[in-house]
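Undergrad: Predicted model and sequence below, questions to follow.
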Protein chains: 4
Amino acid sequence: MCRFTLYLGPAVRLGKLLIEPKHSLIHQSAHANERKEPLNGDGFGVGWYAPRLSREPAVFHSVSPAWNNRNLTYLARVIATPCMLAHVRAASPGSVVDLSNCHPFAWGRHLLMHNGVIGGFSQVRRRLLQDVSDEAFSIIRGSTDTEHMFAIFVDQLMRHAREDERSEDMAFALAQRLSATLQRVLAVTQAVGVKEPNCLNVAVSNGTHAVVSRFTDDPHSDGDSLYYLRGNLYETTAREFGERASEDRDPAVIVSSERLTNASAWHAVPRNHMVAITRGQVPRLLPLAPDATLLAAAPQAMHMAS
Amino acid sequence: MCRFTLYLGPAVRLGKLLIEPKHSLIHQSAHANERKEPLNGDGFGVGWYAPRLSREPAVFHSVSPAWNNRNLTYLARVIATPCMLAHVRAASPGSVVDLSNCHPFAWGRHLLMHNGVIGGFSQVRRRLLQDVSDEAFSIIRGSTDTEHMFAIFVDQLMRHAREDERSEDMAFALAQRLSATLQRVLAVTQAVGVKEPNCLNVAVSNGTHAVVSRFTDDPHSDGDSLYYLRGNLYETTAREFGERASEDRDPAVIVSSERLTNASAWHAVPRNHMVAITRGQVPRLLPLAPDATLLAAAPQAMHMAS
Amino acid sequence: MCRFTLYLGPAVRLGKLLIEPKHSLIHQSAHANERKEPLNGDGFGVGWYAPRLSREPAVFHSVSPAWNNRNLTYLARVIATPCMLAHVRAASPGSVVDLSNCHPFAWGRHLLMHNGVIGGFSQVRRRLLQDVSDEAFSIIRGSTDTEHMFAIFVDQLMRHAREDERSEDMAFALAQRLSATLQRVLAVTQAVGVKEPNCLNVAVSNGTHAVVSRFTDDPHSDGDSLYYLRGNLYETTAREFGERASEDRDPAVIVSSERLTNASAWHAVPRNHMVAITRGQVPRLLPLAPDATLLAAAPQAMHMAS
Amino acid sequence: MCRFTLYLGPAVRLGKLLIEPKHSLIHQSAHANERKEPLNGDGFGVGWYAPRLSREPAVFHSVSPAWNNRNLTYLARVIATPCMLAHVRAASPGSVVDLSNCHPFAWGRHLLMHNGVIGGFSQVRRRLLQDVSDEAFSIIRGSTDTEHMFAIFVDQLMRHAREDERSEDMAFALAQRLSATLQRVLAVTQAVGVKEPNCLNVAVSNGTHAVVSRFTDDPHSDGDSLYYLRGNLYETTAREFGERASEDRDPAVIVSSERLTNASAWHAVPRNHMVAITRGQVPRLLPLAPDATLLAAAPQAMHMAS
C-alpha cells in the first residue's frame, strides 16, 4: 500500500527529509504506523528537481528496501533540492518487484506517485487504457495500477498542454488534471462493477507546483492517512546553493502519508480533498465530490492552516 | 538482439549446456560470433522442466549478465532437466533492463523466448494487443516486443486449447500456434506501414514438444543465425534421475542461435523455416510462407538431417 | 539477528518448508515473532544438497528480501532435497547488504549459517583470523562476523580432515569442530575484553549430518530462540525421487529459530546445547560448558524427545 | 582489468564526462579499445565531490553494467561536480560481482580506484594486510586486490595525517602516500616470490588534489594505457553553480584509461610515472623507480604538456 513524502520549498538536503526525522520515510519503510502492515520493503524511489541543471526531474529507483541502501545514504547527503517526491513500496500480493514498478513515475517535467490501490485492478487494467492516446499508452513500462493511472494523467496533460501553458494558476491546473484522472479511474471501476473500493492518495508535481489527493470511494473508511505541514521545519541549505535570500525565507510545505515528526504543526488532510501547492504561497485545500470532481473553483478554495 | 539455446532430450545437467561447451550460451553472452555486437549482457533467463515435481516449468531470471552470476553457476551444477530454454539478452536501445523483460516468458506449461525484433515496435505496440483476450492482455508485465508477441501466442493457445488437448501431433499444433502468432505480428506491422523488417527467431515449448522458428521478412537478409543438432553430444544424467533406460537412449535435440561446439553435427536451420521437435522422435523442418503460414501439412514435413 | 531453518530427512520440496507452513521462514522474513524486531529483510540464502548430482551443495543468495522473490518461488516448486539450510538476514546497523554477506556460507561439502552476533565484532575482527591457516583466511569474501567464524570452522575442518574421514560418528565430529569454533570466538572476545555478549546459534551440515547450537555467554539471557521437531510433518517427495522406500520412512528433523507450525511436536533446544543429527537416526542433545566445550562424550548424549 | 576516468576542474555535469564523449567511460564499459577484452561489465562506480554540501565525497555503486543503468543516466544529468572518479569493472575470473567490490573505494575525504592487478593476489592477500593498523584492516568490506591496496593507502594516510595537514603541496603528499602504497605491494609480492607482474594504474583524490599512477613491474610491458588532457574540453557548468568566475576559467584535467575523444590534446602518461594534480595549477609528471619510489622531489617534477 506504500507510504510517500512530498516536499516543496527552499532547497533542502534529501537526508533532512528522508533520514534525519524520527519517523522519516526510510523509517516508515520498515515501521509504518498508520497502516495494518508496517512494512514497505518492496523497493523505493526518489524523484527530485535540480532546476539549475535541468527542467526535467531525476529519479533514483531501487528494487531493494530503502532502509539499508548505501547509494541512497550517499545521495541523501550530497543532493539538495527545492522539490522532492519519495516513495516506499509495499507491492500488492503477486505483483512483481521490478524497477519499472517503482514510483515516482516520470514524464517530461512531471512526477507522480501513489499510495493506495485501484479496486479490482486486474479486471479493469485494459479498460483503464482504452481512451488514452497511443503516446500515453506507450509510456507504460511495468504492471502497476499506478502506472496505468499515470498514463491517464499523462493523457490529460497532453490534451490540455496548450491551455495549461497559459494558465495563471498552474497548481489549480494540475489539480484539474489529477481530478480528471481520478474521475476516469472511478468511472471505469464502476462501469465494470468492481466491488473493492479505490484508495487514491496521489501526488503529482512539475517541480514548482504540486497537488496531492486523499481520496477513497469506500463508504466505510476515510482512506489512507495523509498529513501536511507548512513551515521551516528544517534549516534549509538554500543559501549554500546560491538561491536568493528571498527564496530562503519561503516556508516549505511537506505532504506525507505519516507525520515525520512529533511537531504540532502537522495537520491531517481531510478525506476526499486535494492539497494544491505553489512554491512560496499559502497552499490550498480543494474538496472533491464523490466522483472526484473538484467542488471548488480555484479562487474559493480554502486556505490551509499553517 | 539476444542469443538463445533450447534443449530437448534425456535429462542433462544445466551446466553441460550452459557452461561447459566452448561456445556455450554463457560464452555468447560476452562473445557472440554471429551478430555485429558480440555483447548480450542485459540480463538473462533459464526456464526448465522438472516433470517429476511439476507440470509447469521453473524460470530463473536475472538483470545482471550471465557470465558472472554465482547463483547460475550453482544451479547449473545441481539441476538436471529433459527440457531447457535459456536466453541472454541484448536490450534494444532505450529498453529497460528489468526482471519482467527477461526471457523466457512463462504461462502455465508453456515457455517462449525470442531472438530478434518486431519492426517499429513502438508504433505497433498497442495494435499488437488489440485482438487478444482480456486474459492474454493481462499477462503482460514488462515492455518488450517479445512479451507482446507472447500475449498473442497465449491468446492462440487459449483459443485452441480443446483442439490441442486432443491433438495427436502436439509439436505440429505448437507450430500452428506459433505460425499464427508470427502471422499476426506481420499483419500488424504491414497494416501500420512499418519500414523496419521483423526478425522473429522464436522458441516455444511445453516441456515435451518444442518449436523454433527462423523467420524474417527482410528481403536483404536471411535473418538471425539458427542451428540445430541431433545426437548425444553430452553424456546425459538420465539414469541418475531414474529415467527409464529407453529414455536414456533418445537422441537429444539442441537448437541454438550459435553452434555451441565445433562438432560437424550442427546444421543451419534454413531461412523461414520452423524446427518441430517431439522428444524421442526425429525432428521436422517446416517451411514458412512469406506471411509466416505453414507451407507443409504435418505428415509432409521434411525430416531433418541427423 | 536473522532467522534460520535447517532440514534433514527424506527428500522434500523446498516450498514445503519455506513457503507452505503458516509461519515459514519466508513469513518470518517479514514477521518474526521471537525477536524484538520482526523484520529480516536484508537478503536471504538457501543452501541444499542434490546428492545424485553433486557431493557439494548449491547455494542461492539474494540481496533482496525473501518475501517477494520470484526466483525463489520457482525454485521452491521444482527443487526437492534431503538437506536444506535456509536463512533470512537482518543486517547489523552499518553492515553492507551484499551477496557475499548472505548465509549460508559454503566450503566444499559444508554449509554454515548463523543467527546472532559476535560481541564487539569490529574490535575482534582481525584477531579472530589470527590463528587460522592462509587457506582458511582466503575464503573470506565479505565482512560479516559469521563469515569470520566460518573461516575458523573451515580451519578446524582442515586440521581434522583425516581424523574426521575415519570417524564413525560424523555428527559428533561436526559437533566437535563447531564447539572448537565457538570456543575460539569466546576466547578472542574475552581476551580483548569485549563487553557485549556473544549470541551463537549456528547450524552446520555436510548434507548427511548436521549440528545446530543454541549458545550465549550472556548471563541475563537464554540467547536466541531455537526449536526442533522430529517427525514426518510433511508428505515427502522421496519416492518421486527414486529414493529407497526405507529412506522414505525416515523421520525428518527440522531445527528452526521459530516454530514453523502450531504442531505440538516442536521442542525448545535448551540454552547452551547442540543438536546433533544423523539422517535416519534419533538426534542427540549435547550440552555445552560456559566456554562452549562439549560436556558429553558422544555415547552419553541424551536422546531428544521425538 | 577495468577502465577509469578522473576529472578535476570547474564543476561539470557528470553526463559531459560519462555519456556524451564518443568514447566515454560508459562506451568503454562495453567497447574498450586498449585492452584485449573490450568488456568491463561487472559493475561500476562513480565517486564525486559536492564541496558546498559535504567535505566527504558521495559514491554510487552498481553491480549491473554501466551501459544500461537508468539511475546513472538520471544522475549524469543532474549532478555537477568539480571532481569525479568513475570506474567500470572487469572482475578477475572467480571474483565476486558484489557492491563491496565496486570502485572507487571511499574513506573520509579520500577516494581510490584501480585498473590492473596485484600479481598472485591470492598468495599475498593476507600478507598485504600484515603491517596495516587495526583501523585500516577494518575498512575491508569485500575481496578485491584493490581494496587490500586501499587499506595500505589508508594506513599511510593515517600514519602521516598530521604531517599532511601542514603540507603546502598536498598533491605531492598524496603522491608520497600512493608511492608508499605501491612500494608495499611490490615488496610483498617480491618477498612471496610471485611470478605474475603487478599492474598498478591507481587514482586517488581528496576532491581538490589528485594523483594517478601508471606503473608496472612487468619488464615486457608498458602496463595498462593511461592518458591525460588539460584544457576546457567541455563547456562547464561552473557558473550555474555559483562558482567564482575565476574558478570557471581554470583549465580542467582529465586522466583516463582510454582517450574519451579524438582531440589531439590527449597525451599518454609515460610508463612508471604519476600525474599529480592540484586544481587550477599545471599538473606535474612524477617519475617512479622500479620499486615505485618517487624519483623526483616535488619542485623538480616536470610540468606536463598542456
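TA: Right, received. Where do you want to start?
Undergrad: hey, let's count contacts and neighbours off CA atoms from now on
TA: Noted.
Undergrad: So the helix or strand hosting residue A:171, near chain B or not?
TA: Following DSSP states H and E, one finds residue A:171 within helix A:170-192. No: using CA under 8 Å from any CA of the partner chain, helix A:170-192 never reaches chain B; the gap is at least 13.0 Å.
Undergrad: which parts of that helix are buried?
TA: The neighbour-count criterion (16 or more other CA atoms under 10 Å in any protein chain shown) identifies A:170-186, A:188-189 as the buried residues of helix A:170-192.
Undergrad: what's near enough to touch the closest residue to chain B within the stretch 201-306 of chain A?
TA: Relative to chain B, the nearest point of the stretch 201-306 of chain A is residue A:202 (22.3 Å; CA to the nearest CA). Going by CA atoms under 8 Å, 6 or more residues apart in numbering or on different chains, residue A:202 touches A:112, A:113, A:114, A:115, A:212, A:213, A:214.
Undergrad: try it again with 6 Å
TA: A:113, A:114, A:212, A:213 (CA atoms under 6 Å, 6 or more residues apart in numbering or on different chains).
Undergrad: what's the average pLDDT for the helix or strand harbouring it?
TA: Using DSSP H and E, residue A:202 sits in strand A:199-205. Averaged over strand A:199-205, pLDDT sits at 98.
Undergrad: picking up where we left off before, out of the contacts of residue A:202, which is nearest to chain D?
TA: Among the contacts of residue A:202, and counting by CA to the nearest CA, the member closest to chain D is residue A:113, at 17.5 Å.
Undergrad: how far away is that closest one from chain B?
TA: 19 Å (CA to the nearest CA, to the nearest Å).
Undergrad: burial measure for the spatially closest residue to that residue that is not a sequence neighbour, as a count.
TA: In space, and not counting its chain neighbours, residue A:113 is closest to residue A:104: 4.5 Å by CA to CA, 6 or more residues apart in numbering or on different chains. The number of residues packed near residue A:104 is 28, by other CA atoms under 10 Å in any protein chain shown.
Undergrad: What pLDDT does the model give residue A:104?
TA: For residue A:104, pLDDT reads 98.
Undergrad: just checking, it touches residue A:110?
TA: No: in this structure, residue A:104 is not within contact of residue A:110 by CA atoms under 6 Å, at 9.6 Å.
Undergrad: any chance you could map the strands in the stretch 201-306 of chain A?
TA: A:209-214, A:227-231, A:252-256, A:267-268, A:273-278, A:284-287, A:302-303 (DSSP state E, counting those that start in this stretch).
Undergrad: Comparing those strands, which stretch has the densest surroundings?
TA: strand A:209-214 (a mean of 28; mean count of other CA atoms under 10 Å in any protein chain shown).
Undergrad: quick one: strands adjacent to that strand?
TA: Each strand paired with strand A:209-214, and its direction, by DSSP bridges: strand A:199-205 (antiparallel), strand A:273-278 (antiparallel).
Undergrad: how about the helices in the stretch 51-200 of chain A?
TA: A:70-78, A:121-128, A:134-137, A:145-159, A:161-165, A:170-192 (DSSP state H, counting those that start in this stretch).
Undergrad: Nearest to residue A:97 among those would be which one?
TA: Closest to residue A:97 of the helices of the stretch 51-200 of chain A is helix A:145-159 (CA to CA; 13.5 Å).
Undergrad: Is chain B within reach of the closest one?
TA: No: using CA under 6 Å from any CA of the partner chain, helix A:145-159 stays clear of chain B, coming no nearer than 11.5 Å.
Undergrad: What are the buried residues along that helix?
TA: For helix A:145-159, by 16+ other CA under 10 Å, it's A:145-158.
Undergrad: a markdown table please, covering the residues you listed and showing pLDDT and distance to residue B:21.
TA: Shown next, in a markdown table, are the buried residues of helix A:145-159 (pLDDT from 0 to 100; distance: CA to CA, whole Å):
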| residue | pLDDT | distance to residue B:21 |
| --- | --- | --- |
| A:145 | 97 | 44 |
| A:146 | 98 | 45 |
| A:147 | 98 | 43 |
| A:148 | 98 | 44 |
| A:149 | 98 | 48 |
| A:150 | 98 | 47 |
| A:151 | 98 | 46 |
| A:152 | 98 | 50 |
| A:153 | 98 | 51 |
| A:154 | 98 | 49 |
| A:155 | 98 | 51 |
| A:156 | 98 | 54 |
| A:157 | 98 | 54 |
| A:158 | 98 | 53 |
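Undergrad: Tabulate these (JSON lines), appending distance to residue B:35.
TA: Formatted as JSON lines, the buried residues of helix A:145-159 follow (distance: CA to CA, whole Å):
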{"residue": "A:145", "distance to residue B:35": "38"}
{"residue": "A:146", "distance to residue B:35": "38"}
{"residue": "A:147", "distance to residue B:35": "35"}
{"residue": "A:148", "distance to residue B:35": "36"}
{"residue": "A:149", "distance to residue B:35": "40"}
{"residue": "A:150", "distance to residue B:35": "38"}
{"residue": "A:151", "distance to residue B:35": "36"}
{"residue": "A:152", "distance to residue B:35": "40"}
{"residue": "A:153", "distance to residue B:35": "41"}
{"residue": "A:154", "distance to residue B:35": "38"}
{"residue": "A:155", "distance to residue B:35": "39"}
{"residue": "A:156", "distance to residue B:35": "43"}
{"residue": "A:157", "distance to residue B:35": "42"}
{"residue": "A:158", "distance to residue B:35": "40"}
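Undergrad: which of those residues sit farthest apart?
TA: For the buried residues of helix A:145-159, and using CA to CA, no pair is farther apart than A:145 and A:158, which are 20.2 Å apart.
Undergrad: what does stretch A:51-64 rub up against?
TA: A:43-49, A:98-99, A:108-109, C:64, D:71, D:74, D:78.
Undergrad: mind running it again at 8 Å?
TA: Stretch A:51-64 is touched from outside by A:41-50, A:97-99, A:102-104, A:106, A:108-111, A:207, C:63-65, D:71, D:74-75, D:77-79, D:240-241, with contacts defined as CA under 8 Å, 6+ apart.
Undergrad: and the residue lying closest to residue A:215 once chain neighbours are set aside, how far is that from chain C?
TA: Nearest residue to residue A:215, sequence neighbours excluded (CA to CA, 6+ apart): residue A:272, at 4.3 Å. Distance of residue A:272 to chain C, computed by CA to the nearest CA: 32 Å.
Undergrad: surely residue A:174 meets residue A:212?
TA: No: look at residue A:174 against residue A:212 with CA atoms under 8 Å: they stay out of range, at 9.8 Å.
Undergrad: per-residue confidence for residue A:249?
TA: pLDDT, residue A:249: 67.
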